[in-house]
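> Pasted the sequence and its predicted model underneath.
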2 protein chains.
Amino acid sequence: MYTHSVVNPYYKKINRIHSKYTSSEYVEQILKGNITILSKAISLVESKKNEHQKIAQEIIEKCLPYAGNSIRIGITGVPGAGKSTSINALGMDLVHKKNKKLAVLAVDPSSDRSKGSILGDKIRMEEISRETNVFIRPSSSSGSLGGIANKTREEIILCEASGFDTILIETVGVGQSEIAVHSMVDFFLLIQIAGAGDELQGIKRGIMEMADSIVINKADGDNIEKANLAAVQYKNAISLFPASPSKWIPQVMTYSGHYKIGITEIWNTIYKYIDFTKTNGYFDHKRKTQDKYWMYENINEQLKNHFYQSDFIKKELAIKEKQVLDSKISPFKASKQILDLFFRKTPLSKLTH
Amino acid sequence: MYTHSVVNPYYKKINRIHSKYTSSEYVEQILKGNITILSKAISLVESKKNEHQKIAQEIIEKCLPYAGNSIRIGITGVPGAGKSTSINALGMDLVHKKNKKLAVLAVDPSSDRSKGSILGDKIRMEEISRETNVFIRPSSSSGSLGGIANKTREEIILCEASGFDTILIETVGVGQSEIAVHSMVDFFLLIQIAGAGDELQGIKRGIMEMADSIVINKADGDNIEKANLAAVQYKNAISLFPASPSKWIPQVMTYSGHYKIGITEIWNTIYKYIDFTKTNGYFDHKRKTQDKYWMYENINEQLKNHFYQSDFIKKELAIKEKQVLDSKISPFKASKQILDLFFRKTPLSKLTH
């Protein structure tokens, strides 16, 4: 029993609740800002069980009319840049000086995150984790990046319906997940540190071009001069980039997450961006474009789910898988046969309204 | 006309050939080792046109019985590690000392690769590009990583059928694409350089654990000592990793791609690994596991293709897309409606043999 609850502490609770509450009851509590129920609804979203997915989809659909009224911020940086410490500092500033409600979500498709590093994150975010106006949800999803990203999008909706007016989405800073997160946020914040190796430039450039602001952490003590120098270099680099469709020029700033220096300035920049893009129409345009993107992502994910959850397909897959492992058939032929079978039975060309 | 041929230099040729050759004629020439036809067949594989895809699939199916008899090697490293120079040195050694035939393919899902860097690669691989027993195919694919990786798998088959006994697959070294390439090769070679920043460790570790050999480039001149030190550090790091299912202990070596020092030793290690895993059965086991993996990847890719290529779906998507952009419907609802429509018309539960 102990092991079980370590693996998934929500497991038992979900089952208990699922038999207890309807989707409408979930939504009622979420709209009231009930964090416990919000958290459990998110567990349903992340669950792989069909009955959980079904109720999760109902909850999301009912929450949708109440969603959308937040600022969505993506935050990234290489391991060691100080993301957790920065989120803690940004969160404390936000709830105390700006009187906002903050939800922190994470997109982390890498499965090999150690328990140590998760514990470390917890320690670094200890202050905000005790705040009543802050909701932190570490990523407990697994699966394809597309699947994880879809779920994160759905979690944003639940958080927004629950009254969180600021959503922070953290990524690990390795490339692919940044693209996914960029497509669900209004503002993309890139945390850098001075003296990162040159060999990373190839990776950084793509991410740098997505950034609405590059902030250089650890600008404290002996490190201030190095951080300022890095800021100049990033400003120069940015000036060479093609103009952004938002017409916004990415801001470069130095700060210290640990000593909470320059944090308010980061928020001011974010609000300036939001004002700027709401005025010139880009904010709305971007959200619509993202909606279109997510329609397709959703279709792809659901198409796969429908296919693999069919008992007929499950049976066929088991047969073909064995044939492939026994080298009786090539993987190409196996996939072709199973899809031919599927599409012969369901000829798309015959579909009409 | 000029712009067109810049965008896709193969375009006109494909169309001309397509009307000229049948898939059997393609295969006949591929089996004879006709590089021009092999190259054109690969263009068909990479083409997004339906008629090209159709003939490409026929060619692959017919080539399958002649494929599989090569050593497939994945090669990766961060930008600046010297991948192209190393591939050039490895290739020259292979064709002249080992009398082998080498095909070099690339998996690069990043679209923002500059023309300058492709030109640079060409210059660094100039020697092997003039060898008759070397076939180099820079990645000209675009699309999802899954799609690109699927195509690379198909290209391996064509190259093998064409008599290439060694296949080198290069990746850019950022994370996701390494996992895809790892799942299609027998041996995974990681190129490192001494003094790469600590901040990369989080990224490296996952890739390091996949490596069957870590080779430290630029071990020449003043840099030898640093490279040797790095080798010791990597050996220490590897000794802490869990044992590989292959029972093979990853080898760490230093070399110089530019001065062609230590190149034969890299090949000797690769052959030692192949012998070792063929003897203990892991080689065969791994290929079968990969086949299973690729069966599923193929299914996912084809499922999507079938869906999106349907005229019925195309029409529906256009309608829903407009509704989403006009904020008349949420992306979730739009995707749900289109899939409900699709699956109501084609109830999976009713499918039988």
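Received the coordinates, thanks. In this text the structure is predicted, and so the values were computed from the model without any measurement.
> Centroid-nearest residue for chain A?
Closest residue to the average C-alpha location of chain A: A:Val107 at 4.1 Å, with Cα atoms, centre = their mean.
> wait, what's in contact with that one?
Counting by Cβ atoms under 8 Å, 6 or more residues apart in numbering or on different chains, A:Val107 touches A:Ser139, A:Ile148, A:Ala149, A:Thr152, A:Ile169, A:Glu170, A:Thr171, A:Val172, A:Ser177, A:Ala180, A:Val181. Heads up, the C-betas are built off the backbone N, CA and C, glycines and all.
> Now go through the residues you listed and say which are in strands.
A:Ile169, A:Glu170, A:Thr171 (DSSP state E).
> Who does the first one form a beta bridge with?
Spelled out, that is A:Ile169. A:Gly74, A:Leu105 (DSSP bridges).
> mind listing what it touches?
A:Ile169 sits next to A:72-75, A:104-107, A:152, A:156, A:181, A:184-185 when contact means Cβ under 8 Å, 6+ apart.
> So which of those residues is the closest to A:Ile191?
A:Ile75 (6.8 Å; Cβ to Cβ).
> How many residues are close by the closest one?
Neighbour count for A:Ile75, taken as other Cβ atoms under 10 Å in any protein chain shown: 23.
> Check the model's average confidence along stretch A:230-250 for me.
Mean pLDDT, stretch A:230-250: 87.
> Check whether it comes near chain B.
No: on the criterion Cβ under 8 Å from any Cβ of the partner chain, stretch A:230-250 is out of touch with chain B, staying 11.0 Å away.
> Put the alpha carbons of that stretch into CSV.
Extracted in CSV, the C-alpha atoms of stretch A:230-250 (Å, rounded to 0.1, in the frame of the first residue of the first chain):
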residue,chain,number,x,y,z
ALA,A,230,26.0,39.0,-21.1
ALA,A,231,23.1,41.4,-21.3
VAL,A,232,24.9,43.5,-23.8
GLN,A,233,25.8,40.5,-25.9
TYR,A,234,22.2,39.3,-25.9
LYS,A,235,21.0,42.7,-26.9
ASN,A,236,23.4,42.7,-29.8
ALA,A,237,22.3,39.2,-30.8
ILE,A,238,18.6,40.2,-30.7
SER,A,239,19.2,43.3,-32.8
LEU,A,240,20.3,40.9,-35.6
PHE,A,241,17.1,38.8,-35.5
PRO,A,242,14.3,39.5,-37.9
ALA,A,243,11.5,41.7,-36.5
SER,A,244,8.8,39.8,-34.6
PRO,A,245,5.3,39.7,-36.1
SER,A,246,4.2,41.3,-32.8
LYS,A,247,6.4,44.4,-33.5
TRP,A,248,7.6,44.0,-29.9
ILE,A,249,11.3,44.2,-29.4
PRO,A,250,12.4,41.6,-26.9
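> Quick check: buried residues in that stretch?
Buried positions in stretch A:230-250, judged by neighbour count with 16 or more other Cβ atoms under 10 Å in any protein chain shown: A:Ala230, A:Ala231, A:Tyr234, A:Ala237, A:Ile238, A:Ser246, A:Trp248, A:Pro250.
> Name the residues of stretch A:317-333 that are buried.
Within stretch A:317-333, the residues that count as buried by 16+ other Cβ under 10 Å are A:Leu317, A:Lys320, A:Glu321, A:Gln323, A:Val324, A:Ile329, A:Ser330, A:Pro331, A:Phe332, A:Lys333.
> Would you mind checking which of these is nearest to B:Asn217?
Using Cβ to Cβ, A:Pro331 is the member of the buried residues of stretch A:317-333 that sits closest to B:Asn217, with 34.3 Å.
> Next one, pLDDT for the closest one please.
You'll see A:Pro331 listed with a pLDDT of 89.
> And the strands in the stretch 101-250 of chain A, which stretches?
Here the stretch 101-250 of chain A has its strands, by DSSP state E, counting those that start in this stretch, at A:102-107, A:134-137, A:166-171, A:187-193, A:213-217.
> As CSV, the ones you listed with mean pLDDT would be great.
Output for the strands of the stretch 101-250 of chain A, formatted as CSV (pLDDT from 0 to 100):
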stretch, mean pLDDT
strand A:102-107, 91
strand A:134-137, 94
strand A:166-171, 93
strand A:187-193, 92
strand A:213-217, 94
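> and the ones you listed as TSV, adding distance to A:Glu301?
Shown next, in TSV, are those (distance: least, Cβ to Cβ, whole Å):
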stretch	distance to A:Glu301
strand A:102-107	15
strand A:134-137	20
strand A:166-171	18
strand A:187-193	23
strand A:213-217	31
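> Nearest to chain B among the contacts of A:Ile169?
Chain B lies nearest to A:Met184 out of those, by Cβ to the nearest Cβ, at 10.7 Å.
> Would you enumerate the residues in contact with the closest one?
Counting by Cβ under 8 Å, 6+ apart, A:Met184 has contacts A:Arg72, A:Gly74, A:Ala149, A:Thr152, A:Arg153, A:Ile156, A:Ile169, A:Gln290, A:Trp294.
> how about 7 Å then?
Counting by Cβ atoms under 7 Å, 6 or more residues apart in numbering or on different chains, A:Met184 makes contact with A:Arg72, A:Thr152, A:Arg153, A:Ile156, A:Ile169, A:Gln290.
> Please check these and keep the buried ones.
Applying 16+ other Cβ under 10 Å to the contacts of A:Met184 flags A:Arg72, A:Thr152, A:Arg153, A:Ile156, A:Ile169, A:Gln290 as buried.
> The second one against A:Ala106, yeah?
What it means is A:Thr152. No: using Cβ atoms under 7 Å, A:Thr152 makes no contact with A:Ala106, being 8.3 Å away.
> quick one on the thing from earlier: near chain B, from the buried residues of stretch A:317-333?
By Cβ under 7 Å from any Cβ of the partner chain, the members of those lying near chain B are A:Lys320, A:Glu321, A:Val324, A:Ser330, A:Pro331, A:Phe332, A:Lys333.
> can you tell me which residues contact the fourth one?
A:Ser330 makes contacts with B:Leu64, as judged by Cβ under 7 Å, 6+ apart.
> quick one: A:Lys101 and A:Glu131, what's the gap?
Between A:Lys101 and A:Glu131 the distance is 10 Å, computed by Cβ to Cβ, to the nearest Å.
> When the two are compared, which one has more neighbours?
A:Lys101 (20 against 17).
> check contacts around that one.
By Cβ under 7 Å, 6+ apart, the neighbours of A:Lys101 are A:Asn133, A:Gly163, A:Phe164, A:Asp165, A:Thr166.
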